[in-house]
Structure formats: structure tokens, C-alpha cells
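Enquirer: quick one, structure for this:
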Amino acid sequence: MPLDLTFFPQWKFVHVDYVGQATVGDIVRGYSDMMAHPEAGQLRFAINDMRGLEGLNVFYDGMMHMATTVSSDAAQRPEPLALAIVAHQRNMMPILTDYCARVARAGTARCGLFSDIPAAVDWLGLSHAVLDLRRPGGRRIADPLSSQSSTLKALREPPDPADGGHRQRS
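Expert: Below you'll find the model as predicted:
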């Protein structure tokens, strides 16, 4: 699977790293994995980091259904949920913009689209200290991917226990 989840319970935060190609099915499975995690009930903030995505092979109705599911789930949470999507690929912007609008329209979660991590962190209202949180392999959340091959290698390395809780996906 082209996405990887890292939980930071002390921040009530999850970072989702996307690499390669992603489909609606990949996104649905990643969301299911996130919701099954023991820390999922405490989450308030998420960054969906799509900077490493080469292609988003999705269909409109599937993404809008996913947005409706996220909104529905957010309505059941004790605290508001804020989702930031970070992507710079122009061809992905229309569907991601519509996705965020659909999530936000329900009024149960905030969703924003950004071109860089610091802007997303500011919008989420998190401290800039989260920019220095480390993903498995040592890459800081704020750091761009150097290349897909080195990122995939880093994603396969075992996590450092000092870093956030991690659920690796392949």
C-alpha cells in the first residue's frame, strides 16, 4: 500500500505519508487502518502528506463517498477533527479541493488543502515543534522526500521507539 501511518499520541496527531501511486481503495484501507489503531479515538489532527505521490488514480464519486464517511465518523467523535492535506501536484488539486469542501460542508470536521507542511501545521493550530517529529527512518515530518526509492527504503526500516507509534504499510 502506498501510504504509511505514524501516530503521535502526545499531540493527538497522525501523519499519513503517501508515496508512489494511490487509489481510492488504498485511501479507504489506510483510513480503516487508522480507525482501527488504539489511538484513533483520541486523534484530533491529521496531516495527509501527499508530497511523495506520483499519481492519484481515483474517481470522483469514490472520493466524495470517502469524504462523506470521514464527516460521518467525525460527528461521532468527542472532540472536533481537523484534517490537512499537503500536496503540490496541480493535477490533484481539483479533486482534493472538492474532497475538502465535502468534508467541511458537513460541519463535523475541518479540512484544508496546503502546498507545504508548515502552513498545514499553522492551520491545524499545532505547535511548530511537530515539524521536528521524526518518521520511521529518521525523516522529520517537515522534510521533503529526497526520492521515492530512498523513501521506500526508509519506510521499511524499523521505527525508533523514541519516535511516534508506527503502523507500517507496504
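
Enquirer: okay, now the unreliable bits of the protein?
Expert: When residues are selected by pLDDT under 70, those of the chain lie in 1, 146-170.

Enquirer: quick check: bridge partners of the most centrally placed residue in it?
Expert: Central residue check for the chain by Cα atoms, centre = their mean: the C-alpha nearest the mean position is that of Asn48, 2.1 Å away. Beta-bridge partners of Asn48, counted by DSSP bridges, are Val16, Ile85.

Enquirer: distance of it relative to Pro78?
Expert: 22 Å (Cβ to Cβ, to the nearest Å). Heads up, the C-betas are built off the backbone N, CA and C, glycines and all.

Enquirer: is it correct that Leu113 is in contact with Met93?
Expert: Yes: under the criterion of Cβ atoms under 8 Å, Leu113 is in contact with Met93, at a separation of 7.2 Å.

Enquirer: where do the contact lists of these two overlap?
Expert: When contacts are counted by Cβ atoms under 8 Å, 6 or more residues apart in numbering, Leu113 and Met93 are jointly contacted by Ala87.

Enquirer: which one's more surrounded, those two?
Expert: It is Leu113, of Leu113 and Met93, that has more neighbours when counted by other Cβ atoms under 10 Å, with 22 against 14.

Enquirer: tell me the phi and psi of that one?
Expert: With angles defined as degrees, to the nearest 10, Leu113 shows backbone torsions of phi -110, psi 130.

Enquirer: going forward can the numbers begin at 673, since that is how I track them
Expert: Let's use 673 as the start, then, which means that last one is Leu785.

Enquirer: what separation do you get for it and Ile699?
Expert: 15 Å.

Enquirer: Ser799 now?
Expert: Using Cβ to Cβ, one gets 28 Å for the distance from Ser799 to Ile699.

Enquirer: do His800 as well
Expert: Using Cβ to Cβ, one gets 28 Å for the distance from His800 to Ile699.

Enquirer: more neighbours: which of the two?
Expert: Ile699 (22 against 10).

Enquirer: got phi/psi on Phe685?
Expert: Per-residue torsions, Phe685: phi -140, psi 140 (degrees, to the nearest 10).

Enquirer: the closest residue to it other than its chain neighbours: what's it in contact with?
Expert: If you skip the residues right next to it in sequence, Phe685 has Phe717 as its closest partner in space, 4.4 Å away by Cβ to Cβ, 6 or more residues apart in numbering. Taking Cβ under 8 Å, 6+ apart as the contact definition, Phe717 lies against 683-686, 753-754, 756, 796, 798.
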